[in-house]
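Q: sequence first, predicted coordinates after that:
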Amino acid sequence: MPGPTETVAERESLRVLVIDDSAVDREITTHHLGQAWPFERDLTTDLAGDGIEALDRLRSTRFALIVLDWKLPLLGGGDVLRAIRKTGVRTPVVVLSGLTRDQIPDDIEALGAAFLNKDEMNSETFRTAIATSLRLLGKT
C-alpha cells in the first residue's frame, strides 16, 4: 500500500533524480529523459537545484538513475558524484554539462558515470548515456 502522499503509479514507477541549478535545464532534461526512458516501468522525476539538496534527497530516497549537472553552486558535480560513490550508492549516473568531456578532468567513468553534453542531448544520446552508465557499473 502506498504511503500517505504516494500514489500507486509513483510506487510502481522508477524514481530519477535530476540535479541542475537551472530550472529551464531541469525542464529540458526531464523532457528528453521522458522520451529516452528505456525501461518498461514509468518514471517519476525528483528535482534538486544544487549538490547539497541532492545529497539530502539521496539520504532519504532510493533512485534508479541520477542525472547530474557538472557545474552546480555550493557543491559541484564532481564532489556530488564522489560523495554518492563514497556512501556505497551504485545508482547509474549521467553527468550533463555544457562543457565537452575533455574539459572535465575527473575520471567520471571510473565512478560509473556516463557523460552527455547538454547541446547534444536528445532521446537517442540520453538512452545511450543511460546504457553506458549501467554498463560501467556492471548492471547490463
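A: That came through, no problem.
Q: show me what counts as buried in the host helix or strand of residue 32.
A: Assigned by DSSP states H and E, residue 32 falls within helix 23-36. Residues of helix 23-36 classed as buried by neighbour count (16 or more other CB atoms under 10 Å): 25-26, 29-30, 32-33, 36. In short, each C-beta sits where N, CA and C put it, glycine included.
Q: sec struct for residue 66, please.
A: Secondary structure state of residue 66, per DSSP: H, G, I helix; E, B strand; the rest coil, is strand.
Q: correct me, but it touches residue 84?
A: Yes. Assessed by CB atoms under 8 Å, residue 66 is found in contact with residue 84 at 7.0 Å.
Q: list the residues that contact both of these two?
A: Both residue 66 and residue 84 are contacted by 58, 91, 93, under the criterion CB atoms under 8 Å, 6 or more residues apart in numbering.
Q: just checking, residue 64 touches residue 91?
A: Yes. The pair residue 64 and residue 91 qualifies as a contact (CB under 8 Å) at a distance of 7.0 Å.
Q: got the contact list for stretch 53-71?
A: 14-22, 25, 29, 33, 39, 43, 46, 48, 75-78, 80-81, 83-84, 87, 89, 91-99, 104, 113, 130, 133.
Q: swap the cut-off to 6 Å and go again
A: Residues outside stretch 53-71 that contact it (CB atoms under 6 Å, 6 or more residues apart in numbering): 14-20, 29, 48, 77, 80, 83, 91-97.
Q: out of those residues, which are buried?
A: 15-20, 29, 48, 77, 80, 83, 91-97.
Q: which stretches of the protein form helices?
A: 8-12, 23-36, 51-60, 77-86, 123-136 (DSSP state H).
Q: coming back round to it: residue 123: which of the buried residues of helix 23-36 is nearest?
A: residue 36 (4.2 Å; CB to CB).
Q: grab the nearest non-local neighbour of that closest one.
A: Once flanking residues are discounted, residue 36 sits nearest to residue 126: 3.6 Å by CB to CB, 6 or more residues apart in numbering.
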